[in-house]
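Novice: Build me a model:
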Amino acid sequence: MSRNYDPYKKTILFFMSLVSIVLMMAVFAWFWYHTYADTMYVYRFYRKGNYAMIALYGILLYFFSRMYGALRIGQLRRIEVLLSHFLAAFMANFVIYIVICLLAFRLVSPGGVVLMQLLDCVIASVWTVFASQIYTRIFPPWKILLIYGERPATDLVYKVEERKDKYAIYGTININKGLPAIAEKVKDYQAVILGDIPAAKRNEVLKYCFGEGIRAYVIPKISDIILMGADRIHIFDTPFMLAKGYALTFDQRFWKRFLDLVISIPLFILASPFMILTALAIKLYDRGPVLYHQRRCTKDEKEFEIYKFRSMVVGAEQEGEAVLAKENDERITPVGRFIRRTRLDELPQLYHVITGEMSLVGPRPERPEIIAQYKEEMPEFAFRTRVKAGVTGFAQIYGKYNTVPYDKLKLDLFYIENYSFWMDLKLILMTVKTLLKKESTEGVEPLQTTAMRRRTDSGQKLEQIVDGLKKGKDAEDE
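Specialist: Next up, the predicted model:
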């Protein structure tokens, strides 16, 4: 019965989100009238001026809420929505405080803004819990059928299981069973997930689901992502999509470099005290070198020497062997664990941005030998070096340190194919949120030397896993 509300989902979410924004605007309006309106250089705003300030705050709050995902109830985890709300409120309050100071022609007391932030956090907390409960009641998890192929799908099942409030895989079927068998089985489900299966077979199932009005979650292939960034041509009566062979145009490269310099130079200056303190902490801990340098690849696989603050013990990698950090890696020092979690170890890379070896936003710079290993199984991995390596990036924000290379490649290609000046600006602001997410720095598994994982699961094992999870869900429902 709850599925009847699905066509109205966006409208319901919009009004639910509007409640939180209006409440925070009301808090700002109170502080504006009682604390800051009389501090203006012109002594007092007229009625329209007051309304304009309140509207400006609402616009800022909505902008940052959309950017950080504070309004994505049901799509993001509850704790992530809450964190996004805190960040959105902080950014909106910070910007409005700057505006108030400019209008007052002096630095005004930040006490009111601090109290506003605290009240906003309370409102966000209450609203997130309430809205999440309402959403779950109106839109219970989808009962999903997973259609898989030869590629391992166990990791996918566990990823989906992390959001069991929204998705619930209740069954599996191999694509080789054929469309008639899939069509018969899918009748008992509300949606399907099309795993990494051959394109011809996937397209057949996708067309069937589209024709029958069945919701289909599709894992895109590399060719799909390339087409996402293609130009649509309408000069013929036959639709065309133009996939260009180059990454960025001249004007895109110019504005990207402009943004790099405008942000990295002031940021390097502002971060200098933190870098000095970090260097002292590393030196005082074990008297070893402060900086760690290593050969990495940037645009067109051009090698350069990258500098980071050392987070591991001296001699962590014997004989220069490339070994990624593992979960709970004993080689990481206590100081190193802190600077890795807060990303302070990445600050020296601002130097590479200023010199032009890297960009603020781009694919993560990898070692030449690791790229060579990945290219043996995925020749397309070289595509990600069509732009400069970045301090932050699409894969760093939406993925994890231990995300498998194939998924990292897809994320990086999505960024390259959909690049824009505003996307770079958004990803830079999104980096603040990523710094607060612990899972973004998770290491690889103990037996791994790279993020590549062995193909160990089978269809039988996958079905056993899903059956076990299904029994757990049924027990919870009872």
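
Novice: which residues of the stretch 351-478 of the chain fall in strands?
Specialist: Here the stretch 351-478 of the chain has its strands, by DSSP state E, counting those that start in this stretch, at 359-361, 390-392.

Novice: looking at the ones you listed, which is closest to Arg367?
Specialist: Among the strands of the stretch 351-478 of the chain, strand 390-392 comes nearest to Arg367, with 15.9 Å by C-beta to C-beta. Quick note: C-beta positions are derived from backbone N, CA and C, even for glycine.

Novice: Go through that closest one and flag the buried ones.
Specialist: Residues of strand 390-392 classed as buried under the neighbour-count rule (16 or more other C-beta atoms under 10 Å) are 390-392.

Novice: tell me which of those residues is nearest to Trp32?
Specialist: Thr392 (34.5 Å).

Novice: Skipping adjacent residues, who's closest to that closest one in space?
Specialist: Leaving aside its chain neighbours, Thr392 sits nearest to Thr431 (4.5 Å; criterion: C-beta to C-beta, 6 or more residues apart in numbering).

Novice: who touches that neighbour in this structure?
Specialist: Contact partners of Thr431, counting by C-beta atoms under 8 Å, 6 or more residues apart in numbering, are 392, 396-397.

Novice: Just name the closest of the buried residues of strand 390-392 to Gly362, please.
Specialist: Nearest to Gly362, judged by C-beta to C-beta, of the buried residues of strand 390-392 is Gly390 at 2.8 Å.

Novice: Spell out which residues sit in contact with the closest one, please.
Specialist: 358-365, 396.

Novice: circling back: Serialize the strands of the stretch 351-478 of the chain to TSV and add fields for distance to Thr136 and mean pLDDT.
Specialist: Converted to TSV, the strands of the stretch 351-478 of the chain look like this (distance: least, C-beta to C-beta, whole Å; pLDDT from 0 to 100):
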stretch	distance to Thr136	mean pLDDT
strand 359-361	35	95
strand 390-392	33	93
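
Novice: could you dump these to a markdown table with distance to Ile193?
Specialist: Formatted as a markdown table, the strands of the stretch 351-478 of the chain follow (distance: least, C-beta to C-beta, whole Å):
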| stretch | distance to Ile193 |
| --- | --- |
| strand 359-361 | 30 |
| strand 390-392 | 29 |
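
Novice: For Val126, find the nearest of those.
Specialist: strand 390-392 (32.1 Å).

Novice: Can you give the strand pairings for the helix or strand harbouring Tyr170, parallel or anti for each?
Specialist: Element membership of Tyr170, judged by DSSP states H and E, is strand 167-174. Here strand 167-174 has these sheet partners by DSSP bridges: strand 142-148 (parallel).

Novice: Now do the strand it pairs with: everything it contacts.
Specialist: With contacts defined as C-beta under 8 Å, 6+ apart, strand 142-148 is touched by 153, 156-157, 160, 166-175, 182, 185-186, 188-195, 197, 205, 215, 217, 459, 462, 466.

Novice: what does the strand holding Tyr170 rub up against?
Specialist: Residues from elsewhere that reach strand 167-174 (C-beta under 8 Å, 6+ apart): 141-149, 153, 157, 160-161, 181-182, 185, 188-189, 193, 459, 462-463, 466, 469-470, 473.
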